[in-house]
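S.K.: Show me the folded form of this:
(chains A and B)
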Amino acid sequence: MIVQGHEINNERTLSTHTVVVGSGSGGGVAAFHLAAAGVDTLVVEEGGYHVAREFNQREEDMYPMLYRSAGQQSSSDGMINVMQGSCYGGGTVINTSDCVPIPAAVLQHWQRLVGTKDWTEKSLEASYGRVNQNLNVKRNNKSLVNRNNGLLADTATRLGWKSHVMDSNRKGCVGSGYCVVGCAYDGRLGTNLTYLPWAIEKGASVYTDVRCDRIERLPGRKYRVHCTVVERGIRKARFPLTIDCQRVVLSASAIHTPAILVRSGIDKDLPQIGRNLTLQPQLGVFGFFDEGLDIIHWRGAPQSVAVDEFDDTSEANGLGGFRMEGWGGVVGVPSTLLPGFGRDHKRLAARMRNMSITALLVPDRPSGEISYQWAEDGRVIPKIDYVMTEEWKQRLVQGMKRVGELLFAAGAREVAFANQAFPVMKSPDDLAKSGQLPIAPGVANFVSAHNQGTCRMGSSKDNSVVDQNLRLHTGDNIYIMDSSVMPTSASTHVMIPIMVAADFAVHRMLES
Amino acid sequence: MKVIELPEMTRRVFLNRTLQVLGAAAAMPLASCATRSASESPTTAARSTPAGTVPTLKVLTPEQYMILDAVCDTMIPRGGAFEPGARDMGLAARIDSYLPKYDPPVAQGILGALVFVEQQAPALAGKSPPFSSLSEDDRTAVCEAMLKAGGLPASIFLAMKYVSVSNFYTIDATWKFTGYDGPMLLEGSR
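M.R.: From the prediction side, this is the model:
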């Protein structure tokens, strides 16, 4: 059963066994397996319920419909646009469908860092099997690799660099290219098309347009989850909705899960809440090719090739190095990232058809934290404080030089970075200036699509918020199954790691 | 000219680029803004709006509209790689029509940004406010000065650029100038 907010016209009190907060990668997986095991399960999702026929492939309509803060959420210094899905299906409705597992070295790094000895390639094997099968994870069909991605692969090969076509959870993809604004053709198997309908079939209820505000501890190890039914779109508070339950699974993302715990007063026993944030800031790099050479980055699979020559993942440091991936699929946001304004900017925008877009992914180590304020109507206002470390900046500069080198080798006449004050480069010689890239508010633009940490798992309260079963260290019957449990950056794309983590934890929960 | 001081909250939030600005700043009277005649045509995408006229508005006041129109014209002026600019596409009216879909604090923040641009930003380039009455060259100089100043002015510049550019290049009528094909509508597949 799906109940949408507009169907609720008064204050409501419900009861269930388990409340799942959030319907994305973690919440969807948890809800299905709980319901399939016969557990009375109720999912609350702050975003709206939308289906493919509503996805009109227009950014101006889809960001407000499908994204947190209409896609305008950012770090507190303003340099990083923190993108998050916020709708039925969460991030799985608007990601680029890339499926990348947690590297073995990262799992080993976590064991070293926070003592997660139960999290091994072998112990996660069954979860990977289920998730990959349920999502139809396969190598992207070559026909979907567009020229934007293809030139990365071809040029990398010429340069002797490693690259590969990535796996994805597409099925019946027509190559429209609008993955990041919702697939109008249901060609990507997000939780909106898989785990959530399956959970509903098994008896779960999903309430959309319902924001979870806080959890109240009741006597007898029970809980009351205080929610607010919100108006779709601007999310104005409408009615209170409370749910009595015996267990809570929080899957509201690394940005919003901690907010619920803090507002509930549960953070007092857990000093690591809100800390250890990673954002994986990505830098957009643009290559401008001759007129007549159509790149058309907005068709096909927007992000289907990864140049992984410079990956440097190790047990000592976790995810490291940098990689390049194709990017695109829309024109509005990329045009805002092009440098300059006025006629200079028009000159670049006019070359959109002959423009390649590459995402330079530089995995980070935990260097941020989140604090919160609440508006009078209960709306959460996160303050995302993030520090770009010198070590990270050095890898960024190395990556800029390499991606510039690749684009010029591919035939680009000009290369530009997503930075308002950095000049367009005309030749490979200009790449030496990469180290002078100004990184300052109002000038630098980065995009984050993979927020992680803030409630990480580990061996004790001193180093983490949840245990290896993803249950709060307080002993409460409260679990966290989302990106916030990752001790460090799990992977270059986090949908599969989150789903596998949720699958692993929910099976352990059910077994116990 | 009385200079309006933005509240501290406005400063802090604008450094976030999230555009969450206090309503107080946005609600301040903009007596300095040149007053133009009201309502001409309904707000539609790609509807040309001649300078100095104000269409029917959903959120903005006519004064706020005139500032935004000047901002948009500075970010995307006529001429250059292709002739039409923001005014030819009715960009300020289009942004006004989308403001109700924005996060309320963000929409409010845009209004606060307009106050800053109109009354405080010109001084950064040695110009006299209001911004909306300056020549295109002077407005360009002000934007360059905002970017160069860093901090709050640069953040506001970036926010104004984001709002202008993202809403401009999603207008159907601009696509022939960028080569963008627009949505791929395969009715049989849906």
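S.K.: can we go C-alpha only for contacts and neighbour counts from here?
M.R.: Will do.
S.K.: which residues does the residue of the stretch 401-512 of chain A found nearest chain B contact?
M.R.: The minimum distance from the stretch 401-512 of chain A to chain B, using C-alpha to the nearest C-alpha, falls at residue A:442 (3.9 Å). Contacts for residue A:442 (C-alpha atoms under 8 Å, 6 or more residues apart in numbering or on different chains) come out as A:78-79, A:420, B:15, B:17, B:147, B:150-158.
S.K.: Residue A:255: which of these is nearest?
M.R.: Distance to residue A:255 across the contacts of residue A:442 (C-alpha to C-alpha) is lowest for residue A:78, with 15.7 Å.
S.K.: The stretch 251-400 of chain A: strands as residue ranges?
M.R.: According to DSSP state E, counting those that start in this stretch, the stretch 251-400 of chain A carries its strands in the segments A:282-288, A:305-307, A:323-326, A:355-361, A:368-374, A:380-386.
S.K.: could you give me the average pLDDT of the last one?
M.R.: Strand A:380-386 shows an average pLDDT of 95 in the prediction.
S.K.: mind checking which helix or strand residue B:147 is in?
M.R.: helix B:136-149 (DSSP states H and E).
S.K.: got a list of contacts for that helix?
M.R.: A:342, A:420-421, A:442-443, B:74, B:121-125, B:127, B:131, B:153-158.
S.K.: What segments of the chain are helices?
M.R.: With no chain named, the answer covers chain A. A:25-36, A:59-66, A:104-114, A:125-134, A:147-159, A:195-201, A:253-263, A:332-337, A:342-349, A:390-409, A:495-511 (DSSP state H).
S.K.: wrong one, chain B
M.R.: Under DSSP H, chain B gives helices at B:8-14, B:23-27, B:62-75, B:91-98, B:104-119, B:121-124, B:136-149, B:151-168, B:175-178.
S.K.: To residue A:14, which of those lies closest?
M.R.: helix B:104-119 (29.7 Å).
S.K.: what's near enough to touch residue A:410?
M.R.: A:151, A:152, A:155.
S.K.: Per-residue pLDDT of it, please?
M.R.: 98.
S.K.: one step back: so which pair among the contacts of residue A:442 is furthest apart in space?
M.R.: The most distant members of those, if one measures by C-alpha to C-alpha, are A:420 and B:15, lying 15.7 Å apart.
S.K.: for chain B, which spans come out with low pLDDT?
M.R.: Where chain B drops to pLDDT under 70, the residues are B:1-52, B:187-190.
S.K.: for stretch A:461-475, which positions count as buried?
M.R.: Of the residues in stretch A:461-475, A:461, A:463-474 count as buried by neighbour count, 16 or more other C-alpha atoms under 10 Å in any protein chain shown.
S.K.: sorry, back to before: out of the helices of chain A, which one sits most buried?
M.R.: Ranked by mean neighbour count under mean count of other C-alpha atoms under 10 Å in any protein chain shown, these are led by helix A:25-36, which reaches a mean of 28.
S.K.: hmm, back to that, arrange the contacts of residue A:410 in a markdown table, one row each, with distance to residue A:261 as further columns.
M.R.: Supplementary listing: the contacts of residue A:410 in a markdown table, determined by distance: C-alpha to C-alpha, whole Å:
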| residue | distance to residue A:261 |
| --- | --- |
| A:151 | 46 |
| A:152 | 43 |
| A:155 | 48 |
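S.K.: out of those, which one sits closest to chain B?
M.R.: So of these, ranked by how close each gets to chain B (C-alpha to the nearest C-alpha), first place is residue A:151, at 19.5 Å.
S.K.: Now that closest one: closest residue in space that isn't a chain neighbour?
M.R.: Excluding its sequence neighbours, the residue lying closest to residue A:151 (C-alpha to C-alpha, 6 or more residues apart in numbering or on different chains) is residue A:410, at 6.6 Å.
S.K.: before we move on, back to that, mind putting the helices of chain B into JSON lines with mean neighbour count?
M.R.: Shown next, in JSON lines, are the helices of chain B (neighbours: other C-alpha atoms under 10 Å in any protein chain shown):
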{"stretch": "helix B:8-14", "mean neighbour count": "19"}
{"stretch": "helix B:23-27", "mean neighbour count": "17"}
{"stretch": "helix B:62-75", "mean neighbour count": "25"}
{"stretch": "helix B:91-98", "mean neighbour count": "24"}
{"stretch": "helix B:104-119", "mean neighbour count": "24"}
{"stretch": "helix B:121-124", "mean neighbour count": "20"}
{"stretch": "helix B:136-149", "mean neighbour count": "19"}
{"stretch": "helix B:151-168", "mean neighbour count": "25"}
{"stretch": "helix B:175-178", "mean neighbour count": "17"}
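S.K.: For the residue nearest the centre of chain B, list the residues it contacts.
M.R.: Residue closest to the mean C-alpha point of chain B, counted by C-alpha atoms, centre = their mean, is residue B:68 at 3.5 Å. Contacts for residue B:68 (C-alpha under 8 Å, 6+ apart) come out as B:92, B:114.
S.K.: Kindly report the same for the one 3 residues further on.
M.R.: The neighbourhood of residue B:71, defined by C-alpha under 8 Å, 6+ apart, consists of B:132, B:160, B:164.
S.K.: measure the second one to residue A:141 for me?
M.R.: Noted for residue B:160: a distance of 40 Å to residue A:141, by C-alpha to C-alpha, to the nearest Å.
S.K.: now swap in the first one and tell me
M.R.: When C-alpha to C-alpha is applied, the distance between residue B:132 and residue A:141 equals 52 Å.
S.K.: Comparing these two, which residue is more hemmed in?
M.R.: Taking other C-alpha atoms under 10 Å in any protein chain shown, residue B:132 and residue A:141 do not tie; residue B:132 has more neighbours (24 against 15).
S.K.: isn't that one right next to residue B:64, touching?
M.R.: No - between residue B:132 and residue B:64 there is no contact under C-alpha atoms under 8 Å: 9.8 Å.
S.K.: Which residue is the nearest non-sequential neighbour of residue A:432?
M.R.: Nearest to residue A:432 is residue A:401, by C-alpha to C-alpha, 6+ apart, at 7.3 Å.
S.K.: Before we move on, what's the pLDDT of the one you found?
M.R.: 96.
S.K.: Report the central residue of chain A.
M.R.: residue A:450 (3.8 Å).
S.K.: okay, that one: pLDDT?
M.R.: Residue A:450 is given a pLDDT of 95.
S.K.: Next, count neighbours for the nearest residue to residue A:114 once chain neighbours are set aside.
M.R.: Distance criterion C-alpha to C-alpha, 6+ apart; nearest residue to residue A:114, sequence neighbours excluded, is residue A:458 at 4.7 Å. Residues contacting residue A:458 under the criterion other C-alpha under 10 Å number 26.
S.K.: how much space between residue A:458 and residue A:488?
M.R.: Residue A:458 is 11 Å from residue A:488, by C-alpha to C-alpha.
S.K.: just residue A:337 next, same as before
M.R.: Relative to residue A:488, and taking C-alpha to C-alpha, residue A:337 is found at 28 Å.
S.K.: Kindly report the same for residue A:234.
M.R.: For residue A:234 relative to residue A:488 (C-alpha to C-alpha), the value is 33 Å.
S.K.: do the same with residue A:280
M.R.: 10 Å.
S.K.: And these two? Which one has more around it.
M.R.: Neighbours per residue, other C-alpha under 10 Å: of residue A:280 and residue A:488, the larger number sits with residue A:488, 30 against 25.
S.K.: The more buried one contacts residue A:275, correct?
M.R.: No - between residue A:488 and residue A:275 there is no contact under C-alpha under 8 Å: 11.2 Å.
S.K.: Can you check which residues contact both of these two?
M.R.: residue A:453.
S.K.: With that, I have no additional questions.
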